[in-house]
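[1] Sharing a sequence plus its predicted fold:
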Amino acid sequence: MAPLVIPSGVLAWLGRPGANERLTLGHIGVGGMGGAHLDVSLALRKLDSVNIAAVCEADSNRLAAAAKKVGEGCRTYSNYRDLLEQPDIDAVVIATPDHWHAVQAVHACQARKHVYVEKPASCTVAEGRAMVAAARQNNCVVQVGSQARSAEPAHQVCTYIRNGMLGKVHTVTCWHTENPSGGPTQESPPPPELDWDAWLGPLSWRPYIPGAYHPGNFRWMMESGGGVIRDRGAHVMSVILWCLDADQQTPATIEATGDPRPKGVWDCPPKMKVVYQFKDPDWQLIWEQPGDVRGEGGFGMVFHGEQDTLAVSRDGTRIPAADRVRNFQPPAGGVEVYRMAKHADYNMNHKEDWLQAVKEVRNPCMDIDVAHRVANLCNLGNLSYILGRKLTWDGRAEQFVGDDEAQRMLARPEREKYRI
């Protein structure tokens with residue numbers, strides 16, 4: 001058998017595996033979505049795409065269960081910095097709570113590990129900037145988990161819109177179910193298996209309240225999860241920018257209104273509306289909870305064009321696109337959109353796109369630079385709501401225009417031992 005000939009551009013890079021070798025992964029955060037990511041990596045291991053060397057988790061029960069699932073030889077860590085020090089690990093998958101994403105991604109890049117990190121990329125603009133800088137300075141490939149860009153329905157929608165089938169899109173409206181508010185209030189000692197200080201990480205310290213934060217209810221806390229606009233909005237807005245070929249565009253103004261900020265642990269507004277105005281080209285994005293529901297799945301978006309409109313349920317992942325979109329074929333010379341959808345499972349596609357990007361030394365389909373701008377939309381919407389006024393944004397400088405108070409809120413304090 002003749003030997004494989006590998007182009008020089010995809011050979012081992014900075015001492016990393018080349019095109020024909022498997023990357024060795026470490027998983028940071030293995031409960032909830034982290035468990036789902038571990039399952040995807042195990043499936044990829046069966047395809048000889050990756051090795052899994054280690055797992056890390058603040059909950060010792062989850063840590064033990066994940067190690068058992070991976071099998072013999074899997075190393076376990078309660079401190080992610082110890083995992084990052086391991087020389088045999090090429091890349092990490094980060095699926096911790098949102099307030100941890102930026103800190104761990106930056107530290108992973110500084111340790112020269114490639115990164116797959118769940119969305120939203122960041123909780124503040126400053127965090128996102130630090131993630132982009134760390135990735136570029138250390139030549140790391142960072143993929144953010146807005147998986148719709150690797151799903152077949154979203155690809156079909158993007159192809160349809162980019163080929164002008166709606167005409168010029170002037171407005172995109174979004175709908176979503178409301179945020180829950182209030183939440184539990186009774187404090188108690190944390191469960192013995194949970195390192196509560198490590199789970200909080202960069203957040204300001206607070207007592208443990210069962211059911212209030214851990215494992216998944218951090219989403220309803222403005223400081224950590226930021227509500228549905230930062231959770232599902234990170235998916236939906238990624239699709240919108242992709243479909244409008246607007247990954248490099250930033251809003252000129254942001255104006256949010258909503259219910260009064262709730263008292264209690266869950267302090268995100270149940271009802272909320274954010275209007276983003278974009279310039280050159282001009283268009284408008286409107287996020288609304290609950291908004292005008294036009295599809296299935298609890299949330300989605302409507303593209304309003306000069307010739308037609310198109311509703312997309314959820315984020316273009318789990319629900320098929322409209323018949324006219326599924327059956328559309330680009331004309332000769334039309335726009336062909338990058339497609340990473342060889343598996344039915346879009347999570348598999350998204351992970352494989354990242355792995356292939358590492359080997360080809362290119363940006364993945366949801367590169368950290370783009371994901372940072374998507375996260376900015378979510379974070380700026382929340383800032384406008386908190387401040388109660390319209391904000392003017394200089395996207396190139398990533399600064400507010402004429403608003404010192406808003407400018408100071410682009411970053412936030414972090415606890416010393418958990419800082420970027």
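    Yes, it's here.

[2] Going by C-alpha atoms from here, please, whenever you check contacts or count neighbours.
    Fine.

[3] Pull the lengthiest helix in the chain out as PDB, backbone CA atoms only.
    Ranked by residue count under DSSP state H, the longest helix found in the chain is helix 368-387. Provided in PDB are the C-alpha atoms of helix 368-387 (Å, rounded to 0.1, in the frame of the first residue of the first chain):
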ATOM      1  CA  ILE A 368     -14.000  32.900  19.200                       C
ATOM      2  CA  ASP A 369     -13.700  36.300  17.300                       C
ATOM      3  CA  VAL A 370     -17.200  35.800  15.900                       C
ATOM      4  CA  ALA A 371     -18.600  34.300  19.100                       C
ATOM      5  CA  HIS A 372     -17.300  37.300  21.000                       C
ATOM      6  CA  ARG A 373     -19.400  39.600  18.900                       C
ATOM      7  CA  VAL A 374     -22.400  37.400  19.400                       C
ATOM      8  CA  ALA A 375     -21.900  37.400  23.100                       C
ATOM      9  CA  ASN A 376     -21.500  41.200  23.000                       C
ATOM     10  CA  LEU A 377     -25.100  41.500  21.600                       C
ATOM     11  CA  CYS A 378     -26.400  39.500  24.500                       C
ATOM     12  CA  ASN A 379     -24.300  41.300  27.100                       C
ATOM     13  CA  LEU A 380     -25.000  44.800  25.700                       C
ATOM     14  CA  GLY A 381     -28.700  44.100  25.700                       C
ATOM     15  CA  ASN A 382     -28.600  43.300  29.400                       C
ATOM     16  CA  LEU A 383     -26.500  46.400  30.100                       C
ATOM     17  CA  SER A 384     -29.000  48.600  28.400                       C
ATOM     18  CA  TYR A 385     -31.800  47.000  30.500                       C
ATOM     19  CA  ILE A 386     -29.900  47.400  33.800                       C
ATOM     20  CA  LEU A 387     -29.000  51.100  33.000                       C
END
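
[4] which parts of the helix or strand following that helix are buried?
    Using DSSP states H and E, the helix or strand that follows helix 368-387 towards the C-terminus is strand 391-394. The neighbour-count check on strand 391-394 (16 or more other Cα atoms under 10 Å) flags 391, 392, 393 as buried.

[5] Which parts of the stretch 101-250 of the chain are strands?
    114-117, 142-144, 169-176 (DSSP state E, counting those that start in this stretch).

[6] circling back: with distance to residue 249 as extra columns, can I get the buried residues of strand 391-394 in JSON lines?
    Output for these, formatted as JSON lines (distance: Cα to Cα, whole Å):
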{"residue": "391", "distance to residue 249": "17"}
{"residue": "392", "distance to residue 249": "15"}
{"residue": "393", "distance to residue 249": "12"}
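
[7] Could I get the residues you listed in CSV, plus columns for distance to residue 144 and pLDDT?
    Converted to CSV, those look like this (distance: Cα to Cα, whole Å; pLDDT from 0 to 100):
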residue, distance to residue 144, pLDDT
391, 27, 98
392, 27, 98
393, 24, 98
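
[8] So which of the residues you listed is the closest to residue 135?
    Checking those against residue 135 with Cα to Cα, the nearest one is residue 393 at 24.5 Å.

[9] Confirm for me that that closest one is in contact with residue 255.
    No: here residue 393 lies out of contact with residue 255, judged by Cα atoms under 8 Å, at a distance of 10.9 Å.

[10] which one of the strands of the stretch 101-250 of the chain is the most hemmed in?
    strand 142-144 (a mean of 30; mean count of other Cα atoms under 10 Å).

[11] That one packs against which elements?
    Applying 3 or more Cα pairs under 8 Å, 6 or more residues apart in numbering; DSSP states H and E, one finds that strand 142-144 makes contact with strand 114-117, helix 368-387.
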